[in-house]
Structure formats: structure tokens, C-alpha cells
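Trainee: This is a predicted model, with the sequence first.
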There are 2 protein chains.
Amino acid sequence: MKVFVLFVAIAVAAWQCHGSDHGHEYQIFPLRMKTGHGGHYIPEVSCQSWRLGVEAHNVIDWKTVPLDCEGYIGNYILGDQYRSDSKTVAREAYYYAKTLNITAKDIWVFDVDETTLSNLPYYADHGFGVEPYNATAFNEWVDLGEAPALPESQKLYKKLLSLGIKIVFLTGRPLEQKAVTVTNLKLAGYNKWEKIITKDTSIYHGKTAVTYKSTERKKLEEQGYKIIGNIGDQWSDILGTNTGDRTFKLPDPLYYIS
Amino acid sequence: MKVFVLFVAIAVAAWQCHGSDHGHEYQIFPLRMKTGHGGHYIPEVSCQSWRLGVEAHNVIDWKTVPLDCEGYIGNYILGDQYRSDSKTVAREAYYYAKTLNITAKDIWVFDVDETTLSNLPYYADHGFGVEPYNATAFNEWVDLGEAPALPESQKLYKKLLSLGIKIVFLTGRPLEQKAVTVTNLKLAGYNKWEKIITKDTSIYHGKTAVTYKSTERKKLEEQGYKIIGNIGDQWSDILGTNTGDRTFKLPDPLYYIS
């Protein structure tokens, strides 16, 4: 609870800071694109289209959030829409899981960042994805081990456990951050899992997330597990091979990992 | 032009009819779902989450638009957001195409309904996807051959042609509607193509759209074509095998084809 209060306080402070030069309630930054039948200019519309393009995997390989959309994305991610969008995905996942006959070898794969844990306190302080990725600063944040749970994902996690489904966390975080990730997951209320797989950079150096995650899922299947579900915030979590019987894409307009 | 004016007139008339019992500017119908941190109820938010879920392929196998979202979806599809969302997809497709070295065997696959041609005049008069699919009524509309072009798709089509890319239309419309589809495409300003492939129901009876389209794309590749791009409004247009080097998902919250 303390973590959540801190998180809201940081996020709101950062948001007010970013929005301080704007007087209206919603700070919306236009993309340089005309829209509408008459070609008239509606800025919020363009940023919403960009976000939809990201979620439907039309907009790919992007490095940063369009500068004009910082306000829009900040507003989205701190507001009700992100929560509702996440809830809809989690609900579909649970409805699907409920239809299955679960066996002891059935697993559900969860990604960690922006799927299980939220790095919003970090991103609220770093331009909501507008700033280029800063590995040093981000790793310092991760090493604090204070990332809060994503509430809709956590509800899904608990419901899947109650159905008898085993959970495997599969994250792009490196082996060196495994200990802090375990600590953080427990702090955030994730107390039970079959495995936590972090990235061995001596094996996967220079490989894409798709390759790393596909290979690790293949290993799980070779160990006799059956991946009945797979949830992540990046398309690289759910594309490739051995993706599982059904995949779920949580919203994430903050960054893209190929 | 006449077709477009008719289409707008029908659509607006149908919209006013559907919205006649509501006094406020935006008619939004709530999904039965609570959203937001305090669990308070924001209806537009829920329908937008449903639409995002559809586009990101989290919400699948749905039969009709949720009843509570008829107003929201009508508003979306007749407004600037649908146009802008389509434009964003088309723009990403063109940016990608521009990077390629085009050869004589390179093709781009277009679906027809809600990708190349719009059935909005029909759907505006049939509850914007809330009514169950009515094959008789829909086929009567198709047989008129008056579906207007989707403007952003048409711009993309022309730009791809100007890059030297050949166009193949691959549609789930049956062989019996091939003639009227050809007439309609020409009327709507699509005048050049390599092939139009309609569904031979004697071969594909009982098969899914994914199977039909995958098989036909495989045939194209066996004929020596290279599918450099593939655009559709249904996930079944772009999933399966032989999907092409890159796929693009246009928005469509009106119906789902598996």
C-alpha cells in the first residue's frame, strides 16, 4: 500500500511538472498529421491512432513515443482508460482459462515489466516514453525492487492460480537482476510460481526478445509443460514459436522491444 | 461521388434514427463493467476497451457488437477516429513499401470488404454490428455493387501501384459475386489488379477464412509471386501461413470472421 501511495504521488507530481505550461484540463500534443474528412486538425485523434497502431502491431520498431503525444500518453497511462484496457484483456484471459480442463503440467507464461509489475513511477519521471531509453537510469530503478503490481494482472494471476494453473515468469531482465526481481514480485504480492526465467546474456547476447522467449518456451515444452496461455505487453512476448495455446497482449504505449 | 453522397446521407439518417431517443451530443452506451481506480462507471471507456481488445486480437470469436456499444461504435465509425486510425495503418504500410526494391513478381494482397470497399451504408442501417449477421440482407446489399471505396485504403492502393507493386484482391466473397465485385471495384476507382480471388465454396465449404486465405496465398507463392505486404480488416486475413513479409490490420469493430 505504501508503495502504491508513493507511486501515485511520484506520478502525479511528474505529470503536473510536465503539464505545467498548459492551462486546460487535458494536455494533448498533436502529431503532425491531418485527419478527418475535411482534413481538419484534431490532435487527440492522431495520438489515439498511433496508440491503436502500436497495440494492433501496425506501428513497429519505434524508438520513442512521438514528441507530440507525450501529454496524451501520460494522460492515458495515468487515467481510467489504461486500467480499463488492461481489465478487458485480463477478463478475456480468465474467461478463456475457465473453459479449460487443467492438468498438473499446464502453465501460463507471464512477462514481468508492464505485464506483472509496473514501471510507471520511472516512466512518469522520464517523459512517458518520449525520452530515449536510458539503460543506466532504468536499471537503477529496477534495482530498487519497488515496482508496484499492475492491479488487473494481479487479479488475473490470483484467479489463474485458483484454477490450478501454474505460473511461469519469463522476463527479458538479465540474470543479475533475478534476485531483486524475486524480492520485488513478493513485495508486490506475487508469492507463488513454478519458475522465474531471466535472460542469460552469455547465451542470448545480440539475440532478439522474440528469439530468447521462443527458445525458453520451447525448453519449457521439452520439459513436459503445456503452455495454455501467454500474456505480455510486447508483441515480442507472444510472437515467434511455441507461443502457447492462446496469447494476450496487454497495452503498452511506453516502449517497443523487438 | 454520387455514391459517396448517398452513403453519407444513408449513414447520417440511420445514425440520427438510432440516436433519436438521446438528447446529448455523444450517445454512449455502457458495457456492464466497472472501470477506474475507485470502481466508478465510465461507459465510453468500456466500449473503447472492447474495441482495442478486438484490434489487438484479445477479444476473439465474438458474434455481435455488445448491445451497450452500438452508439459508441456508430459514433466511432462515422467520425474522425476511424478515418484517422485507417490513415495511420495505411501510412505505416506505405512507409514500409517505400523502403523495398520492387521486382515484377512482388505483390500486395488486399482483402475487399472493410479493407478496399466499405459496407458502412449497410451497417449504418443494421445497428452497426449489434444485429446478428443476416446473409440474405447483406448479399442483397453486395449485389447492388455500390459499396464506396475506403478513402485511406484507396490512397495506399494508388501509391503502391505507383511504386510498381502488383495488387491481388483476396476476398471471402463467393465466386458468384465475382462479377459484381469487379464492377463495384471499378465504380469505386480501383481499376488495376493482377488477380481477384473469390472463394470457391465447392472447395472451401466448412473451412475457416484463415484456411481459405492461407491456401490461396500459398498458391500465389507457388506461382512465383512474392507477397511483400498483406492488408485486411480481419485477423483471419493476416494469420495462418504464407502471410507475407509484413501484415497490416485495418480497424473493424463491426464483425468478426474466424
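Mentor: Arrived safely, thanks for sending.
Trainee: C-alpha only now, for contacts and for neighbours.
Mentor: Fine.
Trainee: mean confidence score for stretch A:83-98?
Mentor: Averaging pLDDT along stretch A:83-98 gives 98.
Trainee: Tell me if that stretch is near chain B.
Mentor: Yes - using Cα under 8 Å from any Cα of the partner chain, stretch A:83-98 reaches chain B at A:R83, A:S84, A:D85, A:T88, A:V89, A:E92.
Trainee: what do you get for stretch A:109-126?
Mentor: No - using Cα under 8 Å from any Cα, stretch A:109-126 stays clear of chain B, with a minimum separation of 14.6 Å.
Trainee: How far does that stretch sit from its chain's centre?
Mentor: Centroid separation for stretch A:109-126 versus its chain: 6 Å, with Cα atoms, centre = their mean, to the nearest Å.
Trainee: what does stretch A:142-159 give?
Mentor: Going by Cα atoms, centre = their mean, where stretch A:142-159 is centred and where its chain is centred differ by 11 Å.
Trainee: got a list of contacts for it?
Mentor: A:3-4, A:7, A:83, A:86-87, A:90-91, A:93-94, A:114-119, A:121, A:167, A:177, A:180-181, A:183-185, A:187-190 (Cα atoms under 8 Å, 6 or more residues apart in numbering or on different chains).
Trainee: can you do 6 Å?
Mentor: A:K87, A:A90, A:T116, A:L117, A:S118, A:N119, A:V180, A:N184, A:A188 (Cα atoms under 6 Å, 6 or more residues apart in numbering or on different chains).
Trainee: now stretch A:83-96
Mentor: Against stretch A:83-96 from outside (Cα under 6 Å, 6+ apart): A:E152, A:L156, A:L250, B:T35, B:S49.
Trainee: which one is A:K218 nearest to, not counting chain neighbours?
Mentor: A:N242 (5.8 Å; Cα to Cα, 6 or more residues apart in numbering or on different chains).
Trainee: how many neighbours does A:Y76 have?
Mentor: 16 (other Cα atoms under 10 Å in any protein chain shown).
Trainee: Only the buried residues of the host helix or strand of it, if you could.
Mentor: Using DSSP states H and E, the element containing A:Y76 is helix A:70-78. Using 16 or more other Cα atoms under 10 Å in any protein chain shown as the test for burial, helix A:70-78 gives A:E70, A:G71, A:Y72, A:I73, A:G74, A:N75, A:Y76, A:I77, A:L78.
Trainee: Likewise for stretch A:179-187?
Mentor: Applying 16+ other Cα under 10 Å to stretch A:179-187 flags A:T181, A:N184, A:L185, A:L187 as buried.
Trainee: Kindly report the residues of the stretch 101-250 of chain A close to chain B.
Mentor: Neighbours of chain B within the stretch 101-250 of chain A, by Cα under 6 Å from any Cα of the partner chain: A:F248.
Trainee: Can you pull up the most central residue in chain A?
Mentor: A:E114 (2.5 Å; Cα atoms, centre = their mean).
Trainee: so what's that one up against?
Mentor: Applying Cα under 6 Å, 6+ apart, no residues contact A:E114.
Trainee: Could you check the pLDDT of A:A179?
Mentor: 98.
Trainee: quick one: which helix or strand includes it?
Mentor: helix A:178-187.
Trainee: Show me what that helix is in contact with.
Mentor: Against helix A:178-187 from outside (Cα under 6 Å, 6+ apart): A:G145, A:E146.
Trainee: ok, 7 Å please
Mentor: For helix A:178-187, the external contacting residues (Cα atoms under 7 Å, 6 or more residues apart in numbering or on different chains) are A:D143, A:G145, A:E146, A:A147, A:T198.
Trainee: Could you look up the SS state of whichever residue of the stretch 151-258 of chain A sits closest to chain B?
Mentor: Proximity of the stretch 151-258 of chain A to chain B (Cα to the nearest Cα) peaks at A:F248, 5.6 Å away. Classification of A:F248 by DSSP: H, G, I helix; E, B strand; the rest coil places it in strand.
Trainee: Quick check: the gap between the spatially closest residue to A:G164 that is not a sequence neighbour and chain B.
Mentor: Using Cα to Cα, 6+ apart and skipping the chain neighbours, the partner closest in space to A:G164 is A:I102 (6.7 Å). A:I102 sits 21 Å away from chain B, going by Cα to the nearest Cα, to the nearest Å.
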